[in-house]
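Trainee: Sequence and predicted structure below; questions after.
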Amino acid sequence: MKICKLNDDLAPQALKIYRNCLNQSNFSENSLKLTNSYPHNNIYLAQIGQSVCGLIDYSILSDQAFVNNIATIAQYRNSGVASKLMESMLTKCKNLKIKSISLEVRISNQAAINLYKKFGFSKISKRKRIYSDPVEDGWVMTLEMKYGQ
Ligand SMILES: CC(C)(COP(=O)(O)OP(=O)(O)OC[C@H]1O[C@@H](n2cnc3c(N)ncnc32)[C@H](O)[C@@H]1OP(=O)(O)O)[C@@H](O)C(=O)NCCC(=O)NCCS
C-alpha cells in the first residue's frame, strides 16, 4: 500500500469514495479539483496497485489541523488502510509542529470513533443536531500534539 497526494489522474477514483462512502453525492470532479487546489487543503489517497482504496482529507490552518473526511472502500476495510492514512497525516502534522488536530464525527459512527481513539483523539464536546439526513449529534474530537523540548 502506498499513500500519494490526489492528482488529476486519480480524481475519478477519489470522487467515487466521496460519493459512495461519504454520502457526498453532489460532489463533482471540478469541485474536488478546486478543493484540492487550496494550499491549506490536503487530500491523500491510499493505493494498492492501481486501485485507490481510501482517502483522507484534512486542512491545516496556522498551527491547527482539521480532519474533514476519511474513508476506506468497503471491501478494503479492517485491513489498516485508514490507519495508514492517519499515520501519514500525523507525520506531516508533526513535521509542521501542529499543536492540535480536531474533527467531528456522528455519535453513532463507532468504527470511526474507535479509529480516532486508537490515534489518541479524545471526545471534547457534543454538538447537537449538526448532521442531517439523518439528523444526528456529533462529537468533536481533538488530539493535542506533544513535542519534546
Ligand atoms: C471508519 C473507517 C474509515 C475505518 O477504516 P478502516 O480502513 O477499516 O480502518 P482500519 O482497518 O485502519 O482500523 C483502524 C481502527 O478503527 C477501528 N475500527 C475499524 N473498523 C471498525 C468497526 N467496524 N467496528 C469497530 N471499530 C472499527 C478499530 O479501532 C481499528 O483498530 P484495530 O484494527 O486495531 O482494532 C471506515 O469504516 C469507513 O470508511 N467508514 C465510512 C466512512 C466514515 O464513516 N468515515 C468517517 C467519517 S467521520
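Mentor: Okay, I see it. Numbers count the residues shown, from 1 in each chain.
Trainee: Only C-alpha atoms from now on, for both contacts and neighbour counts.
Mentor: OK.
Trainee: for the protein, which spans come out with low pLDDT?
Mentor: 149 (pLDDT under 70).
Trainee: What segments of it are helices?
Mentor: In the chain, the helices defined using DSSP state H lie at 11-21, 29-37, 81-95, 110-118.
Trainee: want to throw those helices into TSV with mean neighbour count and distance to the ligand?
Mentor: What follows is the helices of the chain, written out as TSV (neighbours: other CA atoms under 10 Å; distance: least, CA to the nearest ligand atom, whole Å):
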stretch	mean neighbour count	distance to the ligand
helix 11-21	19	5
helix 29-37	14	17
helix 81-95	17	4
helix 110-118	14	3
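Trainee: Make CSV from those helices and add distance to Phe66 to it.
Mentor: As requested, the helices of the chain are arranged in CSV below (distance: least, CA to CA, whole Å):
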stretch, distance to Phe66
helix 11-21, 17
helix 29-37, 14
helix 81-95, 10
helix 110-118, 13
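Trainee: Just list the residues touching the closest residue to Ser25 other than its chain neighbours, thanks.
Mentor: Spatially, and ignoring its direct neighbours in sequence, Ser25 is nearest to Arg19 (4.6 Å; CA to CA, 6 or more residues apart in numbering). Listed by CA atoms under 8 Å, 6 or more residues apart in numbering, the contact partners of Arg19 are 25-27.
Trainee: same thing with Val140?
Mentor: Listed by CA under 8 Å, 6+ apart, the contact partners of Val140 are 102-105, 123-127.
Trainee: Relative to the ligand, how far out is it?
Mentor: From Val140 over to the ligand the distance is 10 Å, taken as CA to the nearest ligand atom, to the nearest Å.
Trainee: Then Asn68?
Mentor: Going from Asn68 to the ligand by CA to the nearest ligand atom gives 8 Å.
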